[in-house]
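> no sequence on this one, just coordinates:
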């Protein structure tokens, strides 16, 4: 026997409220109290309520639609991944809907809900820097909608993902600083909840040990991923009794913020402080000095994520999740090479 669909009326009766209140709560209307809104949304999720039914004439199109959730659409890294996803999806006859979490957990949840509403048959996502709870992604997997993470990944024991060899490349970058004479190497990592922060910090620490350098907790700083936050974090490092003479940054945006702080302090890059980023943005080649960074196979990353997603859409979700780790390489530029050792 076919299971009856949960309706707005069912949820309203269960919670002793009106159908209009349930409808507005599911649309995140500000007139509904946060407590009642949460109660309604949780019940809707538990009962598998789909807020927006797909009209019959659109079912064919929705069956060939995949969604992407990215933290931003400004940086080259994410736009290049999107390009890779779109190119592969087009080859396979799929249409791509792009959503932007703006690196906010609440907006990321709205992106998931929107993609559910439009009937996306699979989702590719990179975690927002604010996200610490991943329950909103379970709304996809509990409905057997394939999900693939890239770059900033989570729950790899059950979700497939595509990333790079973060730990190894961070280790190589740190060793590069050491080989160029740096003795006090610091690390500007991102938020503690992000996988890339853990992995790149692990590589940094491994290199310090391998290079017989002292591990100083004061040189390990977690910062948000914007330039202003990075500038403030760098200013604190520069105020230490023994400030660092090299700085490994989790991405290029963070490195640009650090660069601004170093210059404002009247210091020289790389003579006083060597510097590196991690995402090889376009601006890395035009700042002065040009920024050492890590070239990642961004378009290939997008293609692999799309390939895994579409395989699962067409053949069923993998019984064992797959983790693809792609090679990256350091691009050495003037910011990390001192002219005199």
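Received the coordinates, thanks. Note that this is a predicted model, so its numbers are computed, not measured.

> What segments of the stretch 51-200 of the chain are strands?
Secondary structure of the stretch 51-200 of the chain (DSSP state E, counting those that start in this stretch): strands located at 65-70, 95-100, 123-125, 147-150, 160-164, 185-189.

> Generate JSON lines for these, with mean pLDDT as supplementary columns.
Shown next, in JSON lines, are these (pLDDT from 0 to 100):
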{"stretch": "strand 65-70", "mean pLDDT": "96"}
{"stretch": "strand 95-100", "mean pLDDT": "96"}
{"stretch": "strand 123-125", "mean pLDDT": "97"}
{"stretch": "strand 147-150", "mean pLDDT": "97"}
{"stretch": "strand 160-164", "mean pLDDT": "96"}
{"stretch": "strand 185-189", "mean pLDDT": "97"}
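
> what about the longest helix in the chain?
Secondary structure of the chain per DSSP state H: the longest helix is helix 298-315.

> that older thread, nearest to residue 198, of the strands of the stretch 51-200 of the chain?
With CB to CB as the measure, strand 185-189 is the member of these nearest residue 198 (8.4 Å). Any C-beta I mention is one placed from the backbone N, CA and C, and that applies to glycine too.

> Report the strands that pair with that closest one, each with its relative direction.
As defined by DSSP bridges, the strand partners of strand 185-189 come to strand 220-222 (parallel), strand 246-249 (parallel).

> Mind putting the strands of the stretch 51-200 of the chain into CSV with mean neighbour count and distance to residue 10?
Converted to CSV, those look like this (neighbours: other CB atoms under 10 Å; distance: least, CB to CB, whole Å):
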stretch, mean neighbour count, distance to residue 10
strand 65-70, 26, 27
strand 95-100, 17, 29
strand 123-125, 27, 27
strand 147-150, 27, 27
strand 160-164, 25, 34
strand 185-189, 26, 47
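
> Residue 208 is nearest to which of those strands?
Among the strands of the stretch 51-200 of the chain, strand 185-189 comes nearest to residue 208, with 6.8 Å by CB to CB.

> what distance separates that closest one from the middle of the whole chain?
Here strand 185-189 is found 19 Å from its chain centre; the criterion is CA atoms, centre = their mean, to the nearest Å.

> ok, and what's touching that strand?
Residues external to strand 185-189 that are found in contact with it (CB atoms under 8 Å, 6 or more residues apart in numbering): 174, 177-178, 197, 200-201, 204, 208, 213, 219-223, 230, 233-234, 237, 244-250, 254-255, 258.

> about what we covered before: next, the buried residues of the longest helix of the chain.
Neighbour-count burial for helix 298-315 flags 298-313 (criterion: 16 or more other CB atoms under 10 Å).

> ok, then the element right after it?
Later in the chain than helix 298-315, the nearest helix or strand by DSSP states H and E is strand 323-326.

> Let me see the domain layout of the protein.
Using automatic domain parsing, the domain ranges for the chain come out as 8-46, 56-164+297-328, 166-296+330-336.

> tell me which residues in the helix or strand where residue 203 lies are buried?
If you go by DSSP H and E, residue 203 is part of helix 195-210. With burial defined by 16+ other CB under 10 Å, the residues of helix 195-210 counted as buried are 195, 196, 197, 199, 200, 201, 203, 204, 205, 206, 207, 208.

> for stretch 156-174, same thing?
Quick answer for stretch 156-174 (16+ other CB under 10 Å): 159-174.

> Could you do stretch 248-267 as well?
In stretch 248-267, counting by 16+ other CB under 10 Å, buried: 248-262.

> quick one: low-confidence ranges for the protein?
For the chain, the stretches with pLDDT under 70 are 1-5, 48, 50-63, 339-341.

> mind running it again at 50?
1-3, 53-61, 341 (pLDDT under 50).

> residues touching residue 178, list them.
Residues counted as contacts of residue 178 (CB under 8 Å, 6+ apart) are 185, 207, 211, 213.

> wait, which of those residues is closest to residue 327?
Within the contacts of residue 178, distances to residue 327 taken as CB to CB reach their minimum at residue 207, with 18.2 Å.

> Skip the chain neighbours and tell me the closest residue to the closest one.
Here the nearest residue to residue 207 in space, its sequence neighbours aside, is residue 174; by CB to CB, 6 or more residues apart in numbering that works out to 3.4 Å.
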